[in-house]
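J.: Sequence and predicted structure, then a few things I'm wondering about:
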Amino acid sequence: MTDNAEAGATERRTDDSVTRTLNLVGERWTMLILRQAFFGVRRYGQFAQSLGIPRPTLSNRLGKLVDGGLLTRERYAGGPIRNDYEYRLTQAGLDLFPAIMILMQWGDTYLTDGTADTERTSLTWTHEVCGSHTHPALACDQCGEPVTARNVHLGS
């Protein structure tokens, strides 16, 4: 492939799905906010406390996630008279769960140093349908076989 052909391929990919997704969720803290939402965190103060995130940054990221359609902002029914809101995952937000699971599994595999502290941060997932411990796996929706970087390609 020539340098010009490589440059053309790169230019064509500047607004692909990965780029658009990372524009929405690729900032520092954003995936951590989503992770906490998957763990049941819904209130602003809970996000701030569990993440140790600066409040202006949290406000900014929550606003972007709401504007991007990954979270909804709803008045908290049991809250005091002041404006109190919950942030809930939308279907688009819920559909990012496999990405969070894969990132967690990758980190557990490749970013551990073997110490007890690192091992304690690994999470175990239990599949509620069968009760078994489970690990994320990407599979072909047609045949069920595993999908890897070595057995797929772009195109028809």
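T.: Structure's in. What do you need? Quick caveat, the model's predicted, so the values are computed rather than measured. Numbering: from 1, shown residues only.
J.: sec struct for T72, please.
T.: Three-state assignment for T72 (DSSP: H, G, I helix; E, B strand; the rest coil): strand.
J.: Distance check, the residue nearest to it when sequence neighbours are not counted against V25.
T.: Using C-beta to C-beta, 6 or more residues apart in numbering and skipping residues adjacent in sequence, the residue nearest T72 is R88, 5.1 Å away. C-beta here means a position set from N, CA and C on the backbone, and glycine is covered the same way. Look at R88 and V25: by C-beta to C-beta, to the nearest Å, they are 17 Å apart.
J.: So which residue is dead centre in the chain?
T.: I100 (4.1 Å; C-alpha atoms, centre = their mean).
J.: who's in contact with the strand or helix carrying that one?
T.: I100 is part of helix 97-110, with elements assigned from DSSP states H and E. Residues outside helix 97-110 that contact it (C-beta atoms under 8 Å, 6 or more residues apart in numbering) are M31, L34, R35, F38, T121, S122, L123, W125, H135, P136, L138.
J.: let's see 10 Å
T.: Helix 97-110 is contacted by residues 21, 25, 31-32, 34-35, 37-39, 89, 118-119, 121-123, 125, 134-138 when judged by C-beta atoms under 10 Å, 6 or more residues apart in numbering.
J.: per-residue confidence for the residue nearest to A37 when sequence neighbours are not counted?
T.: Closest residue to A37 apart from its sequence neighbours, by C-beta to C-beta, 6+ apart: L89 at 5.2 Å. For L89, the pLDDT comes out at 97.
J.: Would you check how far apart L89 and C130 are?
T.: For L89, the distance to C130 equals 24 Å [C-beta to C-beta].
J.: and if you look at V147?
T.: With the distance defined as C-beta to C-beta, V147 ends up 22 Å from C130.
J.: who has more neighbours, those two?
T.: A direct count of neighbours by other C-beta atoms under 10 Å for V147 and C130 places V147 higher, at 13 against 8.
J.: That one touches L138, doesn't it?
T.: Yes: in this structure, V147 is within contact of L138 by C-beta atoms under 10 Å, at 4.5 Å.
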